[in-house]
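A.B. asks: no sequence on this one, just coordinates:
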């Protein structure tokens, strides 16, 4: 059996890494840009909101677009556009100009996860999807690790403008690799018949397109939306405000905060792999998908709770440890949350549902950014309330997911939509 599907995971991992580098650069440079450009917390809050508003639209539109044009072309277009937008930050000087650049970046980056989840759904059977998702999603942590490692050095050598240009240009290397290496399983030049049969071993699914309004009538869509609205804003909070927290609470400058930030996102990267592995291991032991996914979600939700104490601890490395645990738990939670979609939604609608959920998470993140920025402005950078909110949302969302989907039943489709079914096509002549 060939192993082409793991090459796909590698490409997705690289894409998510680039995605998180480009979105995290502004947060790492915030203390420097505050001084040079005279920003306050509310100015920064509007820039974060601009990114998340367009990210919400991009998530939704990309989900539907990729279901129509395919993940190969769609992902290539998305990464090309966000790389250009990331480089465009170098010419911005005002809050408005940065907000426009962030908007274009968010619109294009919204395509990343709908494309990645669709690729996993196409390339992996159900039993391996959570593990594959955890692997590629670890790229978010690697990007968050590399960003504070290289951006201070780039800013010192070439100025903050050079940091934006250099990090944005990396995306075009991925575009070249994706164009040359990615194909659908049925048309891949190097896949064997055995691997294709393994990928398509699950029961056939429908190929008819499902309208958004139809998807919104189903509780499977709302369950994913609930999970995204609870978890995505917290992850944005870690990406966009932890560098500022370390600066305001412990007095760390741009260079001094690099090691704590790298530690947070390096060690938390194991959470996504571990969370995906946990539910997959439970499935292999005979657990139902319902029990396996929700047990993993519960473990991750409980591990998040201690983060509420982060602003209260006296030493920076205690705070780093608490945030690392919470970020790792988030990654495990996200791996299983995304896999709920592939467990319960027909393959042809996966990107659309992921897009709807991502939009919901980004809209929630917009409001969370405004709440955080105003709390920090009026409390003179007291982070107690934001961290308390970050600690509690995961358990609340899991409870709502369980109420909506007590048994993770598949999304029912009308007779018209189920009339066309997908039959696995296996080319036995392939080596």
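C.D. replies: Arrived safely, thanks for sending. Bear in mind that the values here come from a model prediction, so they are computed numbers and not experimental data. Residues are numbered from 1 along each chain as shown.

A.B. asks: Sketch out the low-pLDDT regions of the stretch 151-300 of the chain for me.
C.D. replies: Within the stretch 151-300 of the chain, the stretches with pLDDT under 70 are 205-209.

A.B. asks: Helices of that one, residue ranges please.
C.D. replies: 171-181, 193-199, 212-216, 219-250, 258-284, 289-304 (DSSP state H, counting those that start in this stretch).

A.B. asks: do the same with the stretch 301-431 of the chain
C.D. replies: 316-344, 350-378, 384-404, 415-418.

A.B. asks: between those, which gets nearest to residue 33?
C.D. replies: Smallest distance to residue 33 across these (CB to CB): 15.1 Å, for helix 350-378. C-beta here means a position set from N, CA and C on the backbone, and glycine is covered the same way.

A.B. asks: got the buried residues for the closest one?
C.D. replies: 350-366, 368-370, 372-373, 375-376 (16 or more other CB atoms under 10 Å).

A.B. asks: try stretch 176-188
C.D. replies: 178, 182, 185, 188.

A.B. asks: From those residues, pick the one nearest residue 261.
C.D. replies: Closest to residue 261, out of all of the buried residues of stretch 176-188 and judged by CB to CB, is residue 178, at 28.1 Å.

A.B. asks: Pick out the residue nearest the middle of the protein.
C.D. replies: residue 113 (5.9 Å; CA atoms, centre = their mean).

A.B. asks: show me what contacts that residue?
C.D. replies: Residues near residue 113 by CB atoms under 8 Å, 6 or more residues apart in numbering: 16, 59, 338, 354, 358.

A.B. asks: Wait, a helix at it?
C.D. replies: Yes. Under DSSP: H, G, I helix; E, B strand; the rest coil, residue 113 falls within a helix.

A.B. asks: nearest residue to residue 409 other than its sequence neighbours?
C.D. replies: residue 344 (7.1 Å; CB to CB, 6 or more residues apart in numbering).

A.B. asks: cool, residue 127 as well?
C.D. replies: residue 283 (5.8 Å).

A.B. asks: Pull the number of nearby residues for residue 255.
C.D. replies: As a burial measure, residue 255 scores 12 neighbours (other CB atoms under 10 Å).

A.B. asks: Likewise for residue 398?
C.D. replies: Neighbour number of residue 398 under other CB under 10 Å is 22.

A.B. asks: same thing with residue 388?
C.D. replies: 14.

A.B. asks: same deal with the one 4 residues further on?
C.D. replies: If you count neighbours by other CB under 10 Å, residue 392 ends up with 16.
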